[in-house]
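In: quick one, fold the following:
(4 chains)
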Protein chains: 4
Amino acid sequence: MNKNIFAPLPPMGWNSYDYYDTTVSEIEIKAAAKCMAEHLLPYGWDTIVIDIEWYSYDTGLKRPKYQYIPFGHVEMDQYGRLLPCPDKFPSSTNGRGFTILAEYIHSLGLKFGIHIMRGIPRKAALEHYPIWNGTQTLDEVADPASICQWNPDMYGVRPSEKDAQTYYDSIFALYAEWGVDFVKCDDICRMDMPSAKEEIRMLHVAIERCGRPIVLSLSPGPALIEEAWWYEKHANMWRITDDLWDNWELLYAMFERCEVWQNHVRPGCYPDCDMLPFGKLGKGFGQEWSCKLTYEEQKTMMTLWCIFRSPLMLGGDITQLDEQTMTLLTNKDILSMLSEGNGAQQYER
Amino acid sequence: MNKNIFAPLPPMGWNSYDYYDTTVSEIEIKAAAKCMAEHLLPYGWDTIVIDIEWYSYDTGLKRPKYQYIPFGHVEMDQYGRLLPCPDKFPSSTNGRGFTILAEYIHSLGLKFGIHIMRGIPRKAALEHYPIWNGTQTLDEVADPASICQWNPDMYGVRPSEKDAQTYYDSIFALYAEWGVDFVKCDDICRMDMPSAKEEIRMLHVAIERCGRPIVLSLSPGPALIEEAWWYEKHANMWRITDDLWDNWELLYAMFERCEVWQNHVRPGCYPDCDMLPFGKLGKGFGQEWSCKLTYEEQKTMMTLWCIFRSPLMLGGDITQLDEQTMTLLTNKDILSMLSEGNGAQQYER
Amino acid sequence: MNKNIFAPLPPMGWNSYDYYDTTVSEIEIKAAAKCMAEHLLPYGWDTIVIDIEWYSYDTGLKRPKYQYIPFGHVEMDQYGRLLPCPDKFPSSTNGRGFTILAEYIHSLGLKFGIHIMRGIPRKAALEHYPIWNGTQTLDEVADPASICQWNPDMYGVRPSEKDAQTYYDSIFALYAEWGVDFVKCDDICRMDMPSAKEEIRMLHVAIERCGRPIVLSLSPGPALIEEAWWYEKHANMWRITDDLWDNWELLYAMFERCEVWQNHVRPGCYPDCDMLPFGKLGKGFGQEWSCKLTYEEQKTMMTLWCIFRSPLMLGGDITQLDEQTMTLLTNKDILSMLSEGNGAQQYER
Amino acid sequence: MNKNIFAPLPPMGWNSYDYYDTTVSEIEIKAAAKCMAEHLLPYGWDTIVIDIEWYSYDTGLKRPKYQYIPFGHVEMDQYGRLLPCPDKFPSSTNGRGFTILAEYIHSLGLKFGIHIMRGIPRKAALEHYPIWNGTQTLDEVADPASICQWNPDMYGVRPSEKDAQTYYDSIFALYAEWGVDFVKCDDICRMDMPSAKEEIRMLHVAIERCGRPIVLSLSPGPALIEEAWWYEKHANMWRITDDLWDNWELLYAMFERCEVWQNHVRPGCYPDCDMLPFGKLGKGFGQEWSCKLTYEEQKTMMTLWCIFRSPLMLGGDITQLDEQTMTLLTNKDILSMLSEGNGAQQYER
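Out: Predicted coordinates:
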């Protein structure tokens, strides 16, 4: 398998984070998918991504103190593989995981994506769960010092352990079984922890072994330009900034990031400018608001993303898009640069 | 209580680490104490300190891969307070903790010290144990991102939480009940994690509240000279270097550290040059060896420590000291500088 | 000679910088001295210091573009020793330097101080001037890469060269001849350049050799606390912050600096909290203004400086002090802490 | 003018540094040129570059203490433009500069290159020389704090001054008059000083204005990958490492640097792997030696440079090349990759 053919064009889709944060549920995902299939699929938008903590209970209940509740309750199997929280994803009971939901999304002609955190659930390591298809237990493979600075869910993996790859294989075997088409792995792209570089490679190998062409997206940025070759070899897209929101300064700064990465765009390899925060945002964060970028700024954003050939992931609530935004998202002239563009270069700053 | 009167002179004693590492047992501690009482107590040596991981099972079994076994089994009570591992400390069963052992040591005219790691046991946080005398649970007080880089046992405490102090009070209430006279707290002195500074203050407050004059020693170094006032206000001794072993370069470098800290020595406040690695070392690390410093170097070391008025903690096996070392440790002229010295200053380098 | 007896108490005086910047002239210095002798000398204020660029022509003419004019014209002798600019100091002609002015100041019962920059005038190095009493030329001793980041006048000295010390001896021989009692050396205290540490030692040796008890003051801060011993051994006072002005935030931050340095104050050794910017300020900078600290803040400042036993150098125009400020500067209760204080310690923050 | 057409293929030539250091003379340059024309020109080698300090007197006389003599004597005109030292380049007298030498080199069918340091000669700034065709003097344009850390000759230029560009125009007007085809500018590529980035742009503008297609080479590396666009826009080649010598570790490390820069090679834009240190080296440094790379290593080097499409600049003495080396330098299969290669990518590490 050549991972570059999994994504011959920059992926286009919708991601649940900007609107739902950690709280998105099956019914909301299905509504988003239905809306996409009806209105946006003809223009190339075809991927639905469930973002962070679909496996957690009680998400959203300790705001504003915590976005991610420390030592919270999560759903997992006896091998330490996280499963959808059945309170949020009722179809996942009886060991079906995301199978039913993925089938529904596929039935609409769409692709199904999920978000994961780098590593192993903390409880699975502490309780010495076995590794599926392996001989080690997860405490032997988890690194108690390799943690994410902003999310308390996981421990990183020790690349030197025999069953480190086996663990990543085990989760991708499950994702393939579910019918996952796209995985966004977080806490890995900017390599905050030393093992992250090798964990990127292990994700790639796990995808090759799972037999399903799963597009691999790495987060958060900024990606390290001196590691460009590593991203290009192992992933399909990688974030080139920290989280982008509906803010002109962040958008303006993206021009400089595109300057840095412009020579690194090619089929199957996409430096990622992050989600388009258009429309309604933030409900899962506790208060809904409308995108603060002016329409001119949104056009600038859409144009830059397309000229640069960034993946396009809509962040706002797809079911509430107004006509103006819909017009922007379905402008064939702009979108055509995604497929026909090649080696766009900054001319002047 | 004024913490400076707990230690009007630099503490003198023996610490189990250099010889036994994590493996020391009750019988070995008692042998060391007996030896100290007979041979060294008349010269001022009076403190026995049990170093790291007295609460852990299986210590020493995964060498050389791990000094501290990740996600290992530890003994604790229902409030997340670590207890002596009964395999190593048989007298601790039935909830007696170190009471029996402390009584024995006191009966010899000695003081009893223990080592602790900053924070809360990882399992106690993950399983939401209640805090003794508090209203919060330990998951609310533990910080999942505040970890030690070299030991996997604990999570640091969030100083902003109501029961953060209650937790430290809870462990010192236990130590006071056991009869502890000296606590060496690790992963705290050089403030690797942001909360460590406030945790030093909480340790101090917990000692004041426990009603027992427990000497507070902070590790590891190098302590931050710009935080000298904080150490002086809250602790009795603080390490001014990283671990010192039987190595001339490390010893030589200590002269420079003493230069930096010489204006900060006074009764109750002792910058700490670390243990004296004399005699037999390293059995618990897997192979016993004899101190590699020449006798001249050992005299230099002993002299510098005494002129500077550093605490003196013997690290080698106290039961196997040869005559020459014993002569050095009982030299009244050198030792007199500890009690009579005052404001020694470096003259030239 | 023991440099600590040159300044048994913290120096008290007036410095031309805060009011005159680089532009102060002989007539202004004499007026300041006369005023000090009449009004402040009885309270211990006894030192007049001419600050930066008394050797430069054209000072102040390129404001606001330059405080220090690059490649400007300076007065010096054939050995590269800077001399007073005769336009500003008419009595300095005919090779008399500051002799006449010093005599006048001494006649009032006061002490005479000057400011210097670390190193050798750039022109003297470029033109290979000989070193007074030496065998090398200044290009051999000057280091073309050792420059000050904020002033373009000098090159630092290479400590390894035979006549490096000879150069510093040569300038202090001149200062002794002039009757200088106090030297504030700039671009040296925080050791921005590697040679600065050794240059501090060379200044000390030059003072010992010149035969005159010249008080040595080092600038700018923040001094490095880990080099405290070096300052204590070689200098009388050293700045513990960057330039302090009439600003509450800067004043407030000084409490923390005093915390860091409080154990390092003793006769002859004074961590220096910088000038007191009271009264009229800034004329030489282009616009005169009045101290922006409230009177309560000024009292706080004066009290902290005296409790801490910092040197006291008035910065505002001494000839225009109002009654309130004069009352503060002559408060015997506050000032008595300077002479009688000993080891003041911060109690709480 | 489009600078990319000045160098449609990676430049190939010989540079005097590795063999002659600062000491190369006209007669030696002519011998090198003659040798190149006879033996190497048919294979594409066509550029002769005179490296550092052709304007300095007394080069090589203070070894090993100084490679570059501080405050040494240099040849320049009344506008502060450096001229060839007539002791080393006799044909340069009477204001002819490098004209005669360039004519000779051109007559052989070769191109003529020189090395310059970023900025303005220190003496020219100190003595306020006028700028050719400008209204400011050089002291107004030179920045006294913008120096090279390893060479004492120059001050950098202040980009904000009106005649900053005029100064660079003035020197390139001279170089165009001389017939220079290639300029290697040093102390600029890795942007050690803040102004260096703008000075790169000014060099580019000066070349456009001088009317002659001068190839611009930037040194020393490592170039900053995040500034790739800036190099690509303004220069023809830029060093991607610090100085490379005949050492396997340095050569091995180049593979990693090529990985980083592989997406940034295209006509007119060449990341530069530095000189090929083949044959005899080091005479000007005080002792001649033979390249310490094995022949296998030299083949590896030559192959990597050609696959990557790096400029090829021979560093060893071109007149003493042995047959084996000559064979390597004239291998048409390897060299063909320089002209025919396109977008070579690392496959594995």
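In: now residue A:114, nearest residue through space, not along the chain?
Out: The shortest distance from residue A:114 to any residue that is not its chain neighbour, by C-beta to C-beta, 6 or more residues apart in numbering or on different chains, is 5.1 Å, and that residue is residue A:50. C-beta here means a position set from N, CA and C on the backbone, and glycine is covered the same way.
In: residue A:54: what's it in contact with?
Out: Residue A:54 makes contacts with A:24, A:84-85, A:88-89, A:114-115, as judged by C-beta atoms under 8 Å, 6 or more residues apart in numbering or on different chains.
In: and the pLDDT at the residue nearest to residue A:114?
Out: You'll see residue A:50 listed with a pLDDT of 98.
In: for it, what are phi and psi?
Out: Summarising the backbone geometry of residue A:50 under the convention degrees, to the nearest 10, its torsions are phi -90, psi 120.
In: now find how far off-centre the host helix or strand of residue A:35 is within its chain.
Out: Using DSSP states H and E, residue A:35 maps to helix A:26-35. Computed by C-alpha atoms, centre = their mean, to the nearest Å, the chain-centroid distance of helix A:26-35 equals 17 Å.
In: can you give me the strands in the stretch 151-300 of chain A?
Out: Residue ranges of the strands in the stretch 151-300 of chain A, as given by DSSP state E, counting those that start in this stretch, are A:154-157, A:182-186, A:215-218, A:237-239, A:270-272, A:280-281, A:289-290.
In: the longest one pairs with which strands?
Out: For strand A:182-186, sheet partners with direction are given as strand A:111-117 (parallel), strand A:215-218 (parallel), following DSSP bridges.
In: which outside residues touch that strand?
Out: Among residues not part of strand A:182-186, those counted as contacts by C-beta under 8 Å, 6+ apart are A:11, A:13, A:15, A:47, A:49, A:51-52, A:111-118, A:148, A:151, A:172, A:175, A:203, A:207, A:214-220.
In: same thing but 6 Å
Out: Under the criterion C-beta atoms under 6 Å, 6 or more residues apart in numbering or on different chains, residues A:47, A:111, A:113, A:115-118, A:203, A:214-219 lie in contact with strand A:182-186.
In: please identify, among those, the one with the most neighbours.
Out: The member of those that has the most neighbours, counting by other C-beta atoms under 10 Å in any protein chain shown, is residue A:118 with 29 neighbours.
In: contacts only, for it.
Out: Residues A:156, A:185, A:187-188, A:199 are the ones in contact with residue A:118 under the rule C-beta under 6 Å, 6+ apart.
In: on that earlier part again, mind putting the strands paired with strand A:182-186 into CSV with mean pLDDT?
Out: CSV is the format used below for the strands paired with strand A:182-186 (pLDDT from 0 to 100):
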stretch, mean pLDDT
strand A:111-117, 98
strand A:215-218, 98
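In: do you know how far the residue of the stretch 201-349 of chain A found nearest chain B is from residue B:169?
Out: Using C-beta to the nearest C-beta, the single residue of the stretch 201-349 of chain A nearest to chain B is residue A:220, 15.8 Å away. Residue A:220 sits 39 Å away from residue B:169, taking C-beta to C-beta, to the nearest Å as the criterion.
In: what of residue A:232?
Out: Taking C-beta to C-beta as the measure, residue A:232 and residue B:169 are separated by 55 Å.
In: what does chain A put close to chain B?
Out: Contact residues (C-beta under 6 Å from any C-beta of the partner chain) of chain A with chain B: A:70-71, A:123, A:125-126, A:139, A:144-145, A:149, A:152.
In: in helices, which of the residues you listed appear?
Out: Secondary structure assignment (DSSP state H) places A:123, A:125-126, A:139 from these within helices.
In: next up, the contacts around the residue in the stretch 201-349 of chain A that chain C sits nearest to.
Out: Evaluated by C-beta to the nearest C-beta, the stretch 201-349 of chain A has residue A:249 as its residue closest to chain C, separated by 26.2 Å. Residue A:249 is in contact with no residue at all, counting by C-beta under 6 Å, 6+ apart.
In: quick check: residues of the stretch 201-349 of chain A near chain D?
Out: Contact residues of the stretch 201-349 of chain A with respect to chain D, defined by C-beta under 6 Å from any C-beta, are listed as A:225-226, A:229, A:259-260, A:263-264, A:346.
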